[in-house]
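# model the following, please.
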Amino acid sequence: MSTFTAIDFETATGYAHSACAVGIVTVENGEITEEYYTLIQPPENEYWYRNIMVHGIKPVETLDIPTFDDIFPEIQKRLYGRKIVAHNEAFDRNVLIKTMRYYGLYYDELELADKWECTCRIYRAKGYKPANLKYCSERNGIELNHHEALSDARACAKLYLLHNNQIKLF
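Sure, this is the predicted structure:
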């Protein structure tokens, strides 16, 4: 049975170090055992309009929220040494690496693989066109509130479990 952690970040700007929300879903032996979600105050609480239009998170919502370095212990305990899955792993891995670097934290200390499992790549190889999270979720009957970090991470976890034939969604 699969044991892994699915993750999804939302960013406040076009810069990878601007994480403003994270959703993390822990899977043990093919079962979702924990879900974690938090808003994150991005650097200088700066947002770009187009990012707000994607995820709906506004600066007023993160004004009094801790910054990434303050919530990092919660993230670290959920990721350390785990197999990590993301729908667009290059994006989410880059956000984690660049945000950690911005705050003087060291990615290597998480002891993660150089590349994570990527459900977008997996489902593209299965012939899905498009292979975006919304389409993959709809096609497989997975509930999704797209661009809400926890919902995206949960859908990613279910897609990965489905790929491994460990759940039936119908």
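
# Arg154 reaches Val25, doesn't it?
Yes - with contact defined as C-beta atoms under 8 Å, Arg154 counts as touching Val25 (5.2 Å). Every C-beta, even on glycine, is put in place using the N, C-alpha and C of the backbone.

# looking at these two, which is more packed in?
Val25 (27 against 24; other C-beta atoms under 10 Å).

# let's verify that one: helix, strand, or coil?
strand (DSSP: H, G, I helix; E, B strand; the rest coil).

# identify the residues contacting it.
5-7, 32, 34-36, 150, 153-154, 156-157 (C-beta atoms under 8 Å, 6 or more residues apart in numbering).

# how close does it get to Leu63?
For Val25, the distance to Leu63 equals 27 Å [C-beta to C-beta, to the nearest Å].

# same thing with Ser2?
39 Å.

# just Ile142 next, same as before
Ile142 is 33 Å from Leu63, where distance means C-beta to C-beta.

# what about these two, which has more around it?
A count of neighbours by other C-beta under 10 Å puts Ile142 above the other of Ile142 and Leu63, at 19 against 9.

# mind pulling up the pLDDT for that one?
Looking at Ile142, its pLDDT reads 97.

# so it, which of the three states?
Applying three-state DSSP: Ile142 is coil.

# what do you get for Asp108?
Here Asp108 takes the helix state, with states given by three-state DSSP.

# so how far is Leu96 from it?
The spacing between Asp108 and Leu96, counted by C-beta to C-beta, is 12 Å.

# of these two, which one has the most company?
Neighbour count, other C-beta under 10 Å: between Asp108 and Leu96, Leu96 has more, with 26 against 8.

# give me the number of residues near Ala21?
With other C-beta under 10 Å as criterion, Ala21 counts 24.

# distance check, it against Ala6.
Counting by C-beta to C-beta, the gap from Ala21 to Ala6 is 15 Å.

# model confidence score at Lys168, please.
pLDDT recorded at Lys168 is 48.
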